[in-house]
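**Student:** structure for this input, please:
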Amino acid sequence: MRHTDNRPAAHGQVPYPPEREQCLLEAPPVTHYCENLLVTGYDPQANVGFWTHLGTHHDDFSLWEEQLFICLPGDEGLLWNIGYGRPAPEQRPAGPTLSYRCIEPYRRWEVHFDGIGQRVPYEHMLRAPAPDNRREHFALDLTLEMVGPVWDAHDSATAPTGAGSMREQSWASEHYEQLYRFHGALRLEGGRTIPLRGTGLRDHSRGVRGPASLARFGGHALVGALYDSGKAFGLQRILGPDGSISMDTGYVVLDGSFHHAEVLEIPVLRDELHVRDEPLRLRLRSALGEHVIEGRLQTASMTTSHMPGMSVGADLTLARPFLFSQGHAAWTWDGEVAYGLTERSRYVEQRHLKGRP
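**Tutor:** Numbering: from 1, shown residues only. Sure thing, here's the model as predicted:
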């Protein structure tokens, strides 16, 4: 691997201030102002994917929501937890049992969870909300070492290859992402420990995220992957309720150089729902040419969004549910394979839906 110095920016980027990594102590005087952070990753050897999220409540900036979805190997199902707490300012970002800790801005973070969750079978998620069933104790401890560049959504959207702007968005007005390598462990009931090592993506957003604003959100695709050779890519497309594109952002990193990229094709969340083995495809175009990247879904959770908030599983009691797939896929680019977040959402007509685990 050539790109091993963990610098936060690739050639062609401007540095970002370290204070941007910290959480706000108070919200600005804006209704429904929120702060949200995401940490997600996948270990191909263990076939374990995780999607974790910490964010403030839209009606109370001091109240933090934690969400944690762990896709377990084989047919072990999804292990999930959603909770709420009021962490002290010095503990943020945190919920009652999940916390993120910035050790060094844009270079090193830690993730810790020690709490209670529930399991739902993969096939159940595709046809119904998760049942209220047996609770079990589990813990997750991760160290994240940043490798990819800091990718700012506003910079990318307003570049010649982009479209739209963060200022037009209904879910935040600031957003940046970064790829990383991680190591750690998942501890399950009964003394079972699964060592974890792989790659992932994190993000940090701020801005208005309330029920009225999210009514203008119609779906999205968020994909990013880091390769052993040091190359990387990312894309984010945001849709309005009518399917129109409200923002397009993308980038590639090749030979240590960062290039904004135009999004030509995204992996759409289809009517036939999957939690694994779904063929995927995306296309980007940068100053270096067109990049065609073929994917295959490795594992995923499925949730129903209620704008705001979400429930685990596809709620088919709704005529037009808004479905959200938090997936992890293998992405092949010029013969090299990397594993990365493949997050997708959209409104789906319930009569068209069918699912495959």
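
**Student:** and the residue lying farthest from the centre of the chain, which of the three is it?
**Tutor:** Most distant residue from the mean C-alpha position of the chain: Gly190, 29.5 Å away (Cα atoms, centre = their mean). Taking DSSP: H, G, I helix; E, B strand; the rest coil as the rule, one finds Gly190 in the helix state.

**Student:** just the local confidence number for it, please.
**Tutor:** Model confidence at Gly190, given as pLDDT, is 95.

**Student:** roughly how far apart are it and Asn133?
**Tutor:** Separation of Gly190 from Asn133 (Cβ to Cβ, to the nearest Å) stands at 17 Å. All C-beta spots, glycine's among them, are computed from the backbone N, C-alpha and C.

**Student:** show the contacting residues for Glu265.
**Tutor:** Neighbour list for Glu265: Arg281, Leu282, Arg283 [criterion: Cβ atoms under 8 Å, 6 or more residues apart in numbering].

**Student:** cross these against strands and list the overlap.
**Tutor:** Arg281, Leu282, Arg283 (DSSP state E).

**Student:** how about the nearest residue to the first one, chain neighbours excluded?
**Tutor:** Nearest in space to Arg281, with sequence neighbours left out and distances taken as Cβ to Cβ, 6 or more residues apart in numbering, is Glu294 at 5.7 Å.

**Student:** how much space between the one you found and Leu235?
**Tutor:** 14 Å.

**Student:** next: Arg192.
**Tutor:** Taking Cβ to Cβ, one finds Arg192 at 36 Å from Leu235.

**Student:** who's more crowded, the two?
**Tutor:** Leu235 (26 against 9; other Cβ atoms under 10 Å).

**Student:** so who does the closest residue to the more buried one other than its chain neighbours touch?
**Tutor:** Distance criterion Cβ to Cβ, 6+ apart; nearest residue to Leu235, sequence neighbours excluded, is Gly250 at 4.1 Å. Applying Cβ under 8 Å, 6+ apart, one finds that Gly250 lies in contact with Ser156, Thr161, Gly162, Phe233, Gly234, Leu235, Gln236, His260, Ala261, Glu262, Val263, Leu284.

**Student:** ok, the fifth one touching Leu179?
**Tutor:** Yes. With contacts defined as Cβ atoms under 8 Å, Gly234 counts as touching Leu179 at a distance of 7.4 Å.

**Student:** okay, and the common contacts of those two?
**Tutor:** Common neighbours of Gly234 and Leu179 (Cβ under 8 Å, 6+ apart) are Gly148, Leu201, Gly224, Ala225.

**Student:** for those residues, give me a markdown table that also has pLDDT.
**Tutor:** A markdown table is the format used below for those (pLDDT from 0 to 100):
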| residue | pLDDT |
| --- | --- |
| Gly148 | 79 |
| Leu201 | 98 |
| Gly224 | 98 |
| Ala225 | 98 |
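
**Student:** in those, which residue is surrounded by the most others?
**Tutor:** Using other Cβ under 10 Å as the neighbour criterion, Gly148 leads the shared contacts of Gly234 and Leu179 with 30 neighbours.

**Student:** surely that residue is in a strand?
**Tutor:** No. Counting by three-state DSSP, one finds Gly148 to be coil, located in no strand.

**Student:** what's the closest non-adjacent residue to it?
**Tutor:** Leaving aside its chain neighbours, Gly148 sits nearest to Leu179 (2.9 Å; criterion: Cβ to Cβ, 6+ apart).

**Student:** in this structure the one you found contacts Leu201, no?
**Tutor:** Yes. Shown here, Leu179 and Leu201 form a contact pair, counting by Cβ under 8 Å, at 5.5 Å.

**Student:** so what sits against both of these two?
**Tutor:** Shared contacts of Leu179 and Leu201 (Cβ under 8 Å, 6+ apart): Gly224, Gly234, Gly340.

**Student:** can you redo the residues you listed as a markdown table with secondary structure?
**Tutor:** Shown next, in a markdown table, are these (three-state DSSP):
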| residue | secondary structure |
| --- | --- |
| Gly224 | strand |
| Gly234 | strand |
| Gly340 | strand |
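
**Student:** okay, now the unreliable bits of the stretch 1-150 of the chain?
**Tutor:** Applying pLDDT under 70 to the stretch 1-150 of the chain flags residues 1-14.

**Student:** and Ala153, how close does it get to Asp203?
**Tutor:** From Ala153 over to Asp203 the distance is 9 Å, taken as Cβ to Cβ.

**Student:** give me the more crowded residue out of those two.
**Tutor:** More crowded of Ala153 and Asp203, by other Cβ under 10 Å: Ala153, with 25 against 21.

**Student:** just the strands in the stretch 51-200 of the chain please.
**Tutor:** Assigned by DSSP state E, counting those that start in this stretch, the strands in the stretch 51-200 of the chain fall at 60-71, 78-85, 98-104, 108-120, 135-146, 151-152, 163-164, 174-187, 193-208.

**Student:** hey, which of those is tucked in deepest?
**Tutor:** Across those, averaging neighbours per residue (mean count of other Cβ atoms under 10 Å) puts strand 151-152 on top, at a mean of 24.

**Student:** could you give the separation of that strand from the chain centroid?
**Tutor:** In terms of Cα atoms, centre = their mean, to the nearest Å, the centre of strand 151-152 is set 14 Å apart from its chain centre.

**Student:** and it, which strands flank it?
**Tutor:** Partners of strand 151-152 in the sheet, by DSSP bridges, are strand 174-187 (antiparallel).
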